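Chemist: What shape does this take:
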Amino acid sequence: MHTLAIIIKWNPYIHGASASESSDIINYLQQKYLVYANYEKHNISNNIDQLLSDIDYIYCNNLTLQRNPCDLKISIIKNHYFYRDRCFALRNYGIEKLQRKWRDYYQQKIKFLKSFENIKYREINGKYPLSLVFTTI
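Modeler: Alright, predicted model coming up:
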């Protein structure tokens, strides 16, 4: 089930590592996202004020985040799990993939429309026929 969560990349200097943890475990944990808080999807619309107050609380009580505020993210997560008494998240990259695909499509469309031959065609004939615009992209 997808939920909204406040996450941050795990860092041993910020979040702490015990002496019993090997360097392999620390390297593994550095690749994961630590969950500060998560919100079920049926509660998001009702608890948006709670989300904002949680973000303010996290920033006020963590000096490292006050220095680097862009480390904290609000993200959609697929699932969360516990490993070594820490809660980690599996991020959902669907929205980022959609944005990337749309950006690439739009860049190709603009490139097509700005080419010299197509500008000349548009000056002579008016707008492009839709079949010409969408078949060449």
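
Chemist: If the residue nearest to Asp71 when sequence neighbours are not counted is in a bridge, with which residues?
Modeler: In this structure, Asp71 finds its nearest non-sequential neighbour in Ile8, 5.4 Å apart by C-beta to C-beta, 6 or more residues apart in numbering. No exception for glycine: its C-beta is placed from N, CA and C like everyone else's. Residues in a beta bridge with Ile8, per DSSP bridges, are Leu34.

Chemist: Touching, Ile8 and Tyr33? I think so.
Modeler: Yes. With contact defined as C-beta atoms under 8 Å, Ile8 counts as touching Tyr33 (6.8 Å).

Chemist: intersection of neighbour lists for these two?
Modeler: Shared contacts of Ile8 and Tyr33 (C-beta atoms under 8 Å, 6 or more residues apart in numbering): Lys73.

Chemist: Just the CA trace of the longest helix seen in the chain, in CSV.
Modeler: The single longest helix within the chain, with elements called by DSSP state H, is helix 94-114. Coordinates of each C-alpha in helix 94-114 appear next as CSV, following Å, rounded to 0.1, in the frame of the first residue of the first chain:
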residue,chain,number,x,y,z
GLY,A,94,6.5,6.4,-10.5
ILE,A,95,5.9,10.1,-10.4
GLU,A,96,9.6,10.9,-11.2
LYS,A,97,9.5,8.5,-14.1
LEU,A,98,6.3,10.2,-15.5
GLN,A,99,7.8,13.6,-15.1
ARG,A,100,11.0,12.5,-16.9
LYS,A,101,9.1,10.9,-19.7
TRP,A,102,6.9,14.0,-20.2
ARG,A,103,9.9,16.4,-20.1
ASP,A,104,11.7,14.3,-22.7
TYR,A,105,8.6,14.2,-24.9
TYR,A,106,8.1,18.0,-24.6
GLN,A,107,11.8,18.8,-25.4
GLN,A,108,11.5,16.7,-28.6
LYS,A,109,8.3,18.5,-29.5
ILE,A,110,9.8,21.9,-29.0
LYS,A,111,12.9,20.9,-30.9
PHE,A,112,10.7,19.8,-33.8
LEU,A,113,8.7,23.0,-33.7
LYS,A,114,11.8,25.2,-33.6
